[in-house]
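Colleague: predicted model and sequence follow; I will ask about them next.
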Amino acid sequence: MTSKIATAEIASPYSQALLSLAQSKNLTEEIGADARSLLALLGVNQDLKNFISNPFIKNENKQVLIKQILGEGANPYLRNFLLLLVDKRRISFLEAVLEQYLVLLRQLNQTALAEVTSAVPLSEAQQQAVVEKVLAMTKASQVELQTKIDSDLIGGVIIKVGSQVIDASIRGQLRRLSLRLTGN
């Protein structure tokens, strides 16, 4: 298993190369959408993740799978990039490369990533309120929301933007009250 630092060092040049290619072809957003879709697929399909990262599976088989997953309608530049990762034996770093690409894309677009965890799904109005709050907190021109549901929160939300965390959950309020009452 490789460390996160080693993974980042390997993923960084590939993600920068992908962004450079996307910029030269004016496809940054399209490739960003494809990257999000691939990350979502890898997030829910452990078998796919294991297949891609298994060093004992032949590169030809991995290439066939990538072509099947992407289909004919996929962006040819992204498909060729993924096939290059297979050829260079770097496909096991696919998630890290795609995540780093999205980080670079957000920096390019001055977009803040807000990770929102709530007890129940947020309505459109609530999501808009979170976006406005994050825009006020940051100097970003846009906000990208990543939402998660955690019923253990009881109610409220936790918003994480970079290293800042706003815990407006009932669980967090109860924990803070408990700390005050016990004097810790």
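Modeller: It's in.

Colleague: next, give phi and psi for residue 145.
Modeller: Backbone geometry at residue 145, expressed as degrees, to the nearest 10, gives phi -90, psi 130.

Colleague: now do the contacts for it.
Modeller: 114, 116, 127, 130-131 (Cβ atoms under 8 Å, 6 or more residues apart in numbering). Placement of C-beta: from N, CA and C, glycine included.

Colleague: can you redo these as a markdown table with distance to residue 154 and secondary structure?
Modeller: Shown next, in a markdown table, are the contacts of residue 145 (distance: Cβ to Cβ, whole Å; DSSP: H, G, I helix; E, B strand; the rest coil):
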| residue | distance to residue 154 | secondary structure |
| --- | --- | --- |
| 114 | 21 | strand |
| 116 | 16 | strand |
| 127 | 20 | helix |
| 130 | 18 | helix |
| 131 | 24 | helix |
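
Colleague: any idea how far the helix or strand hosting residue 94 is from the chain center?
Modeller: Element membership of residue 94, judged by DSSP states H and E, is helix 94-109. Centre-to-centre, helix 94-109 and its host chain are 8 Å apart (Cα atoms, centre = their mean, to the nearest Å).

Colleague: tell me the domain ranges of this structure?
Modeller: Per the TED database, the structural domains of the chain span 1-107, 110-182.

Colleague: can you redo those as CSV with mean pLDDT?
Modeller: Shown next, in CSV, are those (pLDDT from 0 to 100):
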stretch, mean pLDDT
domain 1-107, 91
domain 110-182, 89
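
Colleague: how about stretch 41-48: buried residues?
Modeller: For stretch 41-48, burial by neighbour count (16 or more other Cβ atoms under 10 Å) applies to residue 42.

Colleague: who's in contact with it?
Modeller: Residues outside stretch 41-48 that contact it (Cβ under 8 Å, 6+ apart) are 49, 52, 65, 69, 94-95.

Colleague: and it, end to end?
Modeller: End-to-end distance for stretch 41-48: 8 Å, by Cα to Cα, to the nearest Å.

Colleague: what's the spacing between it and its chain's center?
Modeller: Put simply, stretch 41-48 sits 14 Å off its chain's centre (Cα atoms, centre = their mean).

Colleague: ok, stretch 70-78 next?
Modeller: Here stretch 70-78 is found 20 Å from its chain centre; the criterion is Cα atoms, centre = their mean.

Colleague: tell me which residues of it are tucked away?
Modeller: For stretch 70-78, a neighbour-count test (16+ other Cβ under 10 Å) marks 70, 74-75, 77-78 as buried.

Colleague: now intersect the residues you listed with the strands, please.
Modeller: The members of the buried residues of stretch 70-78 all map outside strands under DSSP state E.

Colleague: right, and out of those, which lies closest to residue 57?
Modeller: residue 70 (17.8 Å; Cβ to Cβ).
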